[in-house]
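**Student:** Turn this into a structure:
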Amino acid sequence: MEMIILKIFLLFFLAGCVSSASLFPYGVSAGDSELPPNDDGSIGPLNFTYGFIFYETTYNTFYVNTNGVISFIAPVHAYNPQPFPLDDSPLISPFWADVDIRLPDGYVPGSPRGHVWYRATSDISTVLSVREEVIQYFSNDQDFVPNEILIATWDSVGYYDKNTDK
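**Tutor:** Numbers count the residues shown, from 1 in each chain. Have a look, this model is predicted:
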């Protein structure tokens, strides 16, 4: 089970190297929720319907953090680039960076800006798509069938103390 989880997050990590068209749908039209504009913020705890097994521990809640981290015990309110593991806190870091999605001074509504989108879903179409992705890249896992998918997307996010559309 740990290898399957690792493989899924390897896919998420590799997604940072592709165009947004190659990602799973995200944003309002996909039914996502959005983190409000902030620096070093988070949302949560949010609930998993089925629980999430990560290194032999089942977590029922998660946090989506602005700085590119999914955490399970507490939010991550700071960006401190240190080698893993960080204080033995269970984290998944698909986009670990010093992200700032605050609106800049003089922001004009409708102008481009960064967003952090997230959703946990059991939608059968999404579940089957994730299953196909895992099997395509990890052919030894033909029996893999997820029951819930967490999709988090850091889209056009800025870095700390700079414009939010980088």
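**Student:** which residues of the protein fall in strands?
**Tutor:** Counting by DSSP state E, the chain has strands at residues 33-34, 42-54, 57-65, 69-71, 91-92, 99-100, 115-121, 149-155, 158-159.
**Student:** could those be laid out in JSON lines, adding mean pLDDT?
**Tutor:** Shown next, in JSON lines, are those (pLDDT from 0 to 100):
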{"stretch": "strand 33-34", "mean pLDDT": "96"}
{"stretch": "strand 42-54", "mean pLDDT": "93"}
{"stretch": "strand 57-65", "mean pLDDT": "96"}
{"stretch": "strand 69-71", "mean pLDDT": "94"}
{"stretch": "strand 91-92", "mean pLDDT": "90"}
{"stretch": "strand 99-100", "mean pLDDT": "88"}
{"stretch": "strand 115-121", "mean pLDDT": "95"}
{"stretch": "strand 149-155", "mean pLDDT": "93"}
{"stretch": "strand 158-159", "mean pLDDT": "78"}
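**Student:** looking at the ones you listed, which is closest to residue 24?
**Tutor:** strand 149-155 (5.4 Å; Cβ to Cβ). Heads up, the C-betas are built off the backbone N, CA and C, glycines and all.
**Student:** The strands of the chain: which one's closest to residue 135?
**Tutor:** Nearest of the strands of the chain (Cβ to Cβ): strand 149-155, 14.7 Å.
**Student:** Pull up the pairing partners for that closest one, direction included.
**Tutor:** Strand 149-155 pairs in its sheet with strand 115-121 (antiparallel), by DSSP bridges.
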